[in-house]
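# Sequence and predicted model, in that order:
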Amino acid sequence: MADKPEPKKPPADRQAMLEALAALSVDASSPDGAVSVSVNTDGVMTRLRVGDSAARMSPAEIADAVMRTYQEAQQGSAKRSAELMAPIGNAGYITDRLRWRLGFTPSYQDTGETASPVPPASRRAPADTENVVLKDRSEEPAGPDLDEQPAPAESDDQYYEQGLRYNPSW
């Protein structure tokens with residue numbers, strides 16, 4: 001039996017870059033200090049801290065502060081990740097995603113709004129007030145008809161053998 005070759009180790013500078021990316025954490029705080037957020041190199045929130053001053057804020061104001069602070073942290077993470085990855089070039093999917101994160105602007109709530117609990121809706125309206133739009137299928141057997149059977153799913157090999165595809169709905 002032949003010995004397996006040693007796996008190739010990445011160059012030291014590449015390995016250092018990967019380690020720095022894995023350890024990357026960016027913190028951001030709202031101007032009033034009510035909210036602070038930490039994100040990793042992927043821009044995923046890893047920590048959320050809400051300070052005592054948030055008790056004087058409405059739910060919409062807290063949500064707005066969280067989103068603004070999260071966006072600031074994500075952009076800081078994208079900038080730092082791009083700096084670390086600069087030696088490998090600036091083309092490709094990953095750097096496109098970093099550029100997208102730098103330009104991303106979430107939608108904010110109107111801070112004048114007050115959040116009020118929504119009463120749970122009943123499962124079904126009474127029959128006399130209900131507008132019947134759908135066909136009553138309670139007497140039909142469950143499951144699709146034989147002529148409505150879905151086409152068999154293609155295997156991964158079949159999917160990739162067809163090559164690059166473009167769907168206009170994307």
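Right, received. Where do you want to start?
# Compute the first-to-last residue distance for stretch 32-42.
End-to-end distance of stretch 32-42 (C-alpha to C-alpha, to the nearest Å): 26 Å.
# contacts for that stretch?
21-22, 24-30, 45-51, 53-54, 57, 62, 65-66, 69-70, 72-74, 76-77, 80-81 (C-beta atoms under 8 Å, 6 or more residues apart in numbering). The C-beta positions use only the backbone N, C-alpha and C, and glycine is treated the same way.
# cool, and stretch 97-107?
43, 67, 70-71, 74-75, 77-79, 81-82, 85.
# Distance to residue 93 for those residues - can I get that in CSV?
Shown next, in CSV, are the contacts of stretch 97-107 (distance: C-beta to C-beta, whole Å):
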residue, distance to residue 93
43, 15
67, 26
70, 23
71, 22
74, 17
75, 19
77, 17
78, 14
79, 18
81, 13
82, 14
85, 12
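# and the two most separated of those?
67 and 85 (26.2 Å; C-beta to C-beta).
# ok so residue 49 is a helix residue?
No - checked against DSSP: H, G, I helix; E, B strand; the rest coil, residue 49 lies outside a helix; its state is strand.
# What about it, how many residues nearby?
14 (other C-beta atoms under 10 Å).
# From residue 78, how far out is it?
For residue 49, the distance to residue 78 (C-beta to C-beta, to the nearest Å) stands at 21 Å.
# Packing partners of the lengthiest helix in the chain?
Ordering each helix of the chain by length in residues (DSSP state H) puts helix 59-85 first. Judged by 3 or more C-beta pairs under 8 Å, 6 or more residues apart in numbering; DSSP states H and E, helix 59-85 is in contact with helix 12-23, strand 25-29, strand 35-40, strand 45-50, helix 93-103.
# and it with helix 12-23, angle?
On the basis of axes from the mean of the first three to the mean of the last three C-alpha atoms, to 10 degrees, helix 59-85 is oriented at 170 degrees to helix 12-23.
# Buried ones in helix 59-85, by neighbour count?
By 16 or more other C-beta atoms under 10 Å, the buried positions in helix 59-85 come out as 60-78, 80-82, 84-85.
# quick one on the thing from earlier: just give me the closest of the contacts of stretch 97-107 to residue 139.
residue 67 (49.4 Å).
# So the closest one sits against residue 74, correct?
No - the criterion here is C-beta atoms under 8 Å, and residue 67 misses it with residue 74 at 10.3 Å.
# among the helices and strands packed on helix 59-85, which is nearest residue 154?
helix 93-103 (24.6 Å).
# Can I get the closest one in CSV, CA atoms only?
Coordinates of the C-alpha atoms in helix 93-103 are reproduced here as CSV (Å, rounded to 0.1, in the frame of the first residue of the first chain):
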residue,chain,number,x,y,z
TYR,A,93,-17.2,36.3,-5.6
ILE,A,94,-15.8,37.0,-2.1
THR,A,95,-14.6,40.5,-2.9
ASP,A,96,-17.9,41.2,-4.7
ARG,A,97,-19.7,40.3,-1.5
LEU,A,98,-17.5,42.6,0.5
ARG,A,99,-18.2,45.4,-1.9
TRP,A,100,-21.9,44.7,-1.5
ARG,A,101,-21.7,44.8,2.3
LEU,A,102,-19.9,48.2,2.1
GLY,A,103,-22.8,49.6,0.1
